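K.L.:
Dropping a prediction and its sequence here:
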Amino acid sequence: MYEFTPIGWLKHCIFHPVEGFEDLRWKKQGSMRISLTIVFFLFVAMVADHQMTGFQFNQNYVKIFNVVPLVVQSVVYYFTWCVGNWSICTLLEGEGTFRKICIYSAYSLVPYIVCTLIKVLLSNFLVQEEAIWITALTYLGFGWSIVLMIQAMRACHQYSFTKTLISMLLTLIAMLLILFLAILLLSLFQQVYVFVYQIYTEIAYRIRG
Amino acid sequence: MLRIKNTFKKILCAGLAAVTALSMTLTVSAAEPYKSYIYDFWGDPIPSQNAYRIDKTVTGYDMGLSRLSDPTDPLFIGEKASSRLSNAKDMYFDPDEKEFWIADTDNNRILRLDEELKVIGAYTGVTDGGNFASPTGVYVKRSLYEPNPLYIYIADYENSRVVKASVESETELKLVQEYTRPETDLYTVETFNPSKVVADFAENVYVVCTSVNQGAVQFNRAGKFQGYYGANRVEVTASVIAQKLWRKFASNEQISGMKRNVPVEYANFDIDEGGFIYTVTEAANATTDAVKKLNPAGYNVWNNNAGDNYVFGDMASEYDPTQNQTYTTRLTDICISDNGLINVLDFSTGRVFQYDRNAELLCIFGTKNSTNDQRGSFSNPNAVEAYNNNIYVIDGSKNDITIYSETTFGSLMHEAIELYDQGRYSEAKPIWENVLARDGGYPMAYMGLGKAAMNEGEYNKALDYFETAYEQKSYDKAFKYARNDFIEANFNTIVTVCVVLIVWMIVVSKLHKRGKYVIKGRFGKKSRKGGR
């Protein structure tokens, strides 16, 4: 049917929202390497949006640049999405493997990344009167990515449309749970660390006399 | 030879010692008991120069209040008249007569001072109207109606009335009109305790009453109740929203038991030359309607709902470790000086915040904290007034008036602001540069320089200035012109690049159709291998 390079497959998926991911699945295509590159570029786009947006459009707190929230908002959210979706859809008889979920999700993020980068570029040339272009690009990127994501998940798990929506909603809840537990675990380990450290100090003082 | 050397050494040593001693002389200067700061675009405090320094403090003794108990003096009002202020709640400066008026609340009298703050009149009551009881507000204005008598308006708190009287002599006031509790269904509060009063040109009287939250009570010239003026709105907090929801489900009995959400009444006001009334609300951390500029119809000109962002007072509450106390902004008085600057007094921190006509923060001075025995720090700052580039703050607990005078930085800044507000940006430019030489982080200076550069057509320079001041709107305007200039200057290059690109794309697509590829490999449509 189709013969594409890996990049060609990516293009095919993005520009054929209805059939693209089905074809991808049928042909057993999709590259993990490209997916990880896409996630990296998601992070890059976020940083660019934060730091390189034209001065007249930049509403972020640029006085201090902290990369951690941006990493969390891109890379951590992406992997939580994949893990959450995998755990939910395993229970809901989805056919997708973890690898597939990662690849399909990443592929569907591309319009968002591209639109964000174009937006950042444009914001350095436009004035606020022409802000409608920026807004349009934001909505375009977001909407396109969401449509792709729904199609990707549908193709990945072979669900009906409604079931896809429900599974995605549940995935969001699962993400919340995962992040909550992660933070809980983090703070607990921190307490354990403080406890051990206190014991160490106590012993150290006693030994010294 | 040796001897000469020794003498030479001695002289050298003595000389060096002298130089060292001279260079070690202390330069004594009375620093202000606070650190001067200002807020940047982000609402973070940044250090700034002092725009005002403490000139002196004036007590009742310095005013000459001992004359009031001297029977031989024309100002004699009684044997036991106190020679000091006591919990003075209000002060008003009459710009026409150049006189200060003080409501000396706990002494139940009104004091009249000249511009040097020497007493020239004292009043304990009005003829045919009885004595004052805790007067808390005073306002003076010469009438526009013939024969132009000097009218004084006094909020006579304990007597539940507002007195309008004409000033007859140094110790005599003649009653003109008495405003008491309006006998109408519209006025729902049982009490009528006027705390502050102002009057406009038409001699309409506006009265702030304790526990009346519908706004200022307004009387017309004849003394008739006109209604309420410029009420505050309820500050929307989470609990207010929650209660609004509960009311939907609650029964009537339950609703009657609930707390009512009413706006906070405002604490004080002032009227400017244009007839605008400025109000302050003293509630701690009030963000809704903390300071308002009301037009004669009662509409707030500084309305954040209209898309602006007016902020007054301190951004965050402040913790003082020496007193183990947290201070939050409580704006207690506002004063519009004759040059249009707006001074707002914060009761809880003892700070005066000065703004220009457009509510841009200019400077912050004064303090409270643990050092209120020191000059320039306050205990109960009650009122602020401005005259002749000085700021006067009256303290109800220390019973004195603190006078702040401008520093060089302050006077330069005010001069520049004056020109800036008139739109004479280029004239203000050298002054702003001088201001920057004294305080390199002063945001308004960069604004001023940016606007000057924009006026002179140096848009790229203006962009730099606006970026430093973090002023996005002005930056946007300058950027528009800078962009036009850039396009005009590089029109040929831009067109050439565009044409070349379009031609290139057409050629490439033609070649693709014939099956030839300029770039082969991964990015082409078909590679030699064909997929994985």
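P.N.:
Now that the structure is in, tell me what you want to look at.
K.L.:
rest of the way, CA atoms for contacts and neighbours
P.N.:
OK.
K.L.:
Look up how far chain A lies from B:Tyr229.
P.N.:
37 Å (CA to the nearest CA, to the nearest Å).
K.L.:
which ones are touching that residue?
P.N.:
Shown in contact with B:Tyr229 (CA atoms under 8 Å, 6 or more residues apart in numbering or on different chains): B:206, B:214-218, B:298.
K.L.:
ok, and the closest non-adjacent residue to B:Val352?
P.N.:
B:Leu345 (4.5 Å; CA to CA, 6 or more residues apart in numbering or on different chains).
K.L.:
ditto for B:Gly129
P.N.:
B:Leu175 (6.3 Å).
K.L.:
so that neighbour bridges to which residues?
P.N.:
Assessed by DSSP bridges, B:Leu175 has beta-bridge partners B:Ala165.
K.L.:
give me every residue that touches it.
P.N.:
B:126-129, B:163-166.
K.L.:
Where does pLDDT dip in chain A?
P.N.:
Across chain A, the ranges flagged by pLDDT under 70 are A:1.
K.L.:
The lengthiest helix in it packs against which elements?
P.N.:
Assignment by DSSP state H gives helix A:161-208 as the longest helix of chain A. With contacts defined as 3 or more CA pairs under 8 Å, 6 or more residues apart in numbering or on different chains; DSSP states H and E, helix A:161-208 has these neighbours: helix A:77-91, helix A:131-157.
K.L.:
Quick one, which of the contacts of B:Tyr229 are buried?
P.N.:
B:206, B:214-218, B:298 (16 or more other CA atoms under 10 Å in any protein chain shown).
K.L.:
Spell out which parts of chain A neighbour chain B.
P.N.:
A:3-8, A:29, A:55-57, A:61, A:125, A:127-128 (CA under 8 Å from any CA of the partner chain).
K.L.:
With neighbour count and secondary structure added, can I get these in a markdown table?
P.N.:
Converted to a markdown table, the residues of chain A next to chain B look like this (neighbours: other CA atoms under 10 Å in any protein chain shown; DSSP: H, G, I helix; E, B strand; the rest coil):
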| residue | neighbour count | secondary structure |
| --- | --- | --- |
| A:Glu3 | 15 | coil |
| A:Phe4 | 20 | coil |
| A:Thr5 | 23 | coil |
| A:Pro6 | 19 | helix |
| A:Ile7 | 17 | helix |
| A:Gly8 | 19 | helix |
| A:Gln29 | 19 | coil |
| A:Phe55 | 21 | coil |
| A:Gln56 | 22 | coil |
| A:Phe57 | 18 | coil |
| A:Tyr61 | 11 | coil |
| A:Phe125 | 13 | coil |
| A:Val127 | 21 | coil |
| A:Gln128 | 17 | helix |
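K.L.:
and the two most separated of these?
P.N.:
A:Glu3 and A:Tyr61 (46.9 Å; CA to CA).
K.L.:
Spatially central residue for chain A, please.
P.N.:
With distances taken as CA atoms, centre = their mean, the residue of chain A nearest its centroid is A:Tyr78 (3.1 Å).
K.L.:
Show the contacting residues for that residue.
P.N.:
Per CA under 8 Å, 6+ apart, neighbours of A:Tyr78: A:Val39.
K.L.:
as a whole number, average confidence for the stretch of helix or strand B:Tyr392 belongs to?
P.N.:
With secondary structure defined by DSSP states H and E, B:Tyr392 is part of strand B:390-395. Taken as a whole, strand B:390-395 has an average pLDDT of 93.
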